[in-house]
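[1] just the structure for this:
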Amino acid sequence: MQKRYGEKVALDIPHLDIASGELVGLVGNNGAGKTTMLRLVLDLIEATSGRVLSGEADVSKSDDWKTYTGSFVDGRFLIDFYTAEEYFGLIAQLYGISDEALAERLEAFKPLMHDEVLGTGKYLRDYSEGNRQKIGIIGAMIIRPKVLLLDEPFNYLDPSSQIVVARLIQQMNAELGTTVIISSHNLSFVTDICTRILLLERGMLVKDLQNADGSATPELTQYFISEA
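    As a prediction, the model looks like this:
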């Protein structure tokens, strides 16, 4: 798939397969094409050439993949004039999740929410960036998706919340077999939880590394040192 903006190539990956159940990390410097890749996978932007398949479905021609895909790319995914309860309730309604099931699922996210998300009566626009980030991530995960895409999930979060989010991602992947793709500048968390690392630079896939027990860390560290 390729995405161009005029003469500028934002992403050019001739072929890439991601297997069901993989936990994949996208890393690279600013402008590497990480967010562009996620937006293409989610059909938020149109590819200049090529296509993205989710299972057998072309994401630009079918809506079937949306029923099993959870995602949070940025704050524009949120509905600012909703409360957190209304936002989660809307997601539950769209995905056929009962009130009882929603309440049960939200319990699992209490270590992330503390007492700062539910029961505040605030609109989403009035939350801190950190809590908006938490709400977006929870909204993507409460549907228990088969595919989960998160862009910079550790942004705006305090260290404790970063650890909780990393554990929740790992848990969903291990227990539900969810295919996860996360983009992040946080190399430590990515190499800690991901089983495969894709290194992008200037829109190109320059390294595709298996990461059993953090085995990709030395090569990635050396790469970024040489680029500094």
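[2] show me which residues of stretch 39-58 are buried.
    Buried residues in stretch 39-58, counted by 16 or more other C-beta atoms under 10 Å: Arg39, Leu40, Val41, Leu42, Asp43, Ala47, Val52, Ser54. Using the backbone N, CA and C atoms, a C-beta is placed for each residue, glycine as well.
[3] please name the nearest non-neighbouring residue to the third one.
    Ranked by C-beta to C-beta, 6 or more residues apart in numbering and with sequence neighbours excluded, the top spatial neighbour of Val41 is Val52, at 5.4 Å.
[4] ok, the fourth one next?
    Nearest-residue entry for Leu42: Ser71, 5.6 Å, with adjacent residues in sequence omitted and distances by C-beta to C-beta, 6+ apart.
[5] neighbours of the one you found, how many?
    For Ser71, the neighbour count with other C-beta atoms under 10 Å is 21.
[6] returning to that earlier point: so which of the buried residues of stretch 39-58 comes closest to Ser60?
    Asp43 (5.4 Å; C-beta to C-beta).
[7] Three-state assignment for the closest one, please.
    coil (DSSP: H, G, I helix; E, B strand; the rest coil).
[8] quick one on the thing from earlier: how about the buried residues of stretch 39-58 in a markdown table, adding pLDDT and distance to Lys207?
    Converted to a markdown table, the buried residues of stretch 39-58 look like this (pLDDT from 0 to 100; distance: C-beta to C-beta, whole Å):
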| residue | pLDDT | distance to Lys207 |
| --- | --- | --- |
| Arg39 | 96 | 22 |
| Leu40 | 96 | 20 |
| Val41 | 96 | 19 |
| Leu42 | 97 | 24 |
| Asp43 | 96 | 26 |
| Ala47 | 94 | 23 |
| Val52 | 95 | 21 |
| Ser54 | 95 | 24 |
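[9] mind listing what's buried in stretch 20-36?
    For stretch 20-36, using 16+ other C-beta under 10 Å, the buried residues are Glu22, Leu23, Val24, Gly25, Leu26, Val27, Gly28, Ala32, Gly33, Lys34, Thr35, Thr36.
[10] could you dump it to PDB, C-alpha only?
    Taking Å, rounded to 0.1, in the frame of the first residue of the first chain, the C-alpha atoms of stretch 20-36 are listed here in PDB:
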ATOM      1  CA  SER A  20      -4.100 -13.400  13.800                       C
ATOM      2  CA  GLY A  21      -3.100 -13.100  17.500                       C
ATOM      3  CA  GLU A  22       0.100 -11.100  16.900                       C
ATOM      4  CA  LEU A  23       1.000  -8.200  19.200                       C
ATOM      5  CA  VAL A  24       2.800  -5.800  16.900                       C
ATOM      6  CA  GLY A  25       4.600  -2.600  17.800                       C
ATOM      7  CA  LEU A  26       5.200   0.200  15.200                       C
ATOM      8  CA  VAL A  27       8.200   2.300  16.000                       C
ATOM      9  CA  GLY A  28      10.100   5.000  14.200                       C
ATOM     10  CA  ASN A  29      11.000   8.700  14.400                       C
ATOM     11  CA  ASN A  30       8.600  11.500  13.800                       C
ATOM     12  CA  GLY A  31       7.200  11.400  10.300                       C
ATOM     13  CA  ALA A  32       8.100   7.700   9.800                       C
ATOM     14  CA  GLY A  33       4.500   6.800   8.700                       C
ATOM     15  CA  LYS A  34       3.200   5.100  11.800                       C
ATOM     16  CA  THR A  35       0.000   7.000  12.200                       C
ATOM     17  CA  THR A  36      -0.500   7.000   8.400                       C
END
